[in-house]
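Asker: sharing a sequence plus its predicted fold:
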Amino acid sequence: MKSLNKKGFTLIELLAVIAILAILFMLVTPNILKMFTSGRTQAFVTQVQSIYKAAESEYMSSQFGTATGPIYCSEETNGTKKLDISENKSLKYYVQIDPMTGKIIKLSVADKNFYYTSTTDDAVSVDSIQENVQALNGKTAGIDCSSGDLTGIN
């Protein structure tokens, strides 16, 4: 009699492997999505902090003593200047500096996914930025360069 040479896998073995892979995929997917969201948030925080530091640096290198304090905005208008930063096209910002103290008193930044705006009358700090970044959740935000208010997120 011939002996049967068994090569390959049975249907049960294949189904068991597929079930195990499906369970692993379900366990890993939420963590991967959190990593992507966290990475995008951190990239936005880094951009906001870069704008903060560029505004401070620009203020220190410019002449002091203007009556209203310098105002920087992503869209240059009367009374505002652009910061010398490499930015993506969707990033909008507004920075106002107190002329007496040299501290940033208003900072608003928005891109297509997130926004940040200073919420208190106190000076803005680099540490407060990470805590107060908000997601746009599909909305589009803009910045009014005359007041520094965010538009379109209501």
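Answerer: Good, I have the coordinates.

Asker: and the helix or strand of the chain at the bottom of the mean pLDDT ranking, what's buried?
Answerer: Ranking every helix and strand in the chain by mean pLDDT, DSSP states H and E puts helix 126-131 at the bottom, with a mean of 73. By neighbour count on 16 or more other Cβ atoms under 10 Å, the buried set for helix 126-131 is Ile129. (Each C-beta comes from the backbone N, C-alpha and C, glycine too.)

Asker: same deal with stretch 86-106?
Answerer: In stretch 86-106, counting by 16+ other Cβ under 10 Å, buried: 87, 91-97, 104-106.

Asker: low pLDDT regions in this structure?
Answerer: For the chain, the stretches with pLDDT under 70 are 1-5, 63-69, 87-88, 119-126, 154.

Asker: hmm, back to that, among the buried residues of stretch 86-106, which two are most distant?
Answerer: Greatest spacing in those, by Cβ to Cβ: Glu87 and Ile105 (21.7 Å).

Asker: residues in contact with stretch 135-152?
Answerer: Stretch 135-152 is contacted by residues 41, 71, 73-75, 77, 80, 92-94, 96, 106, 108-110, 112-115, 117, 153 when judged by Cβ atoms under 8 Å, 6 or more residues apart in numbering.
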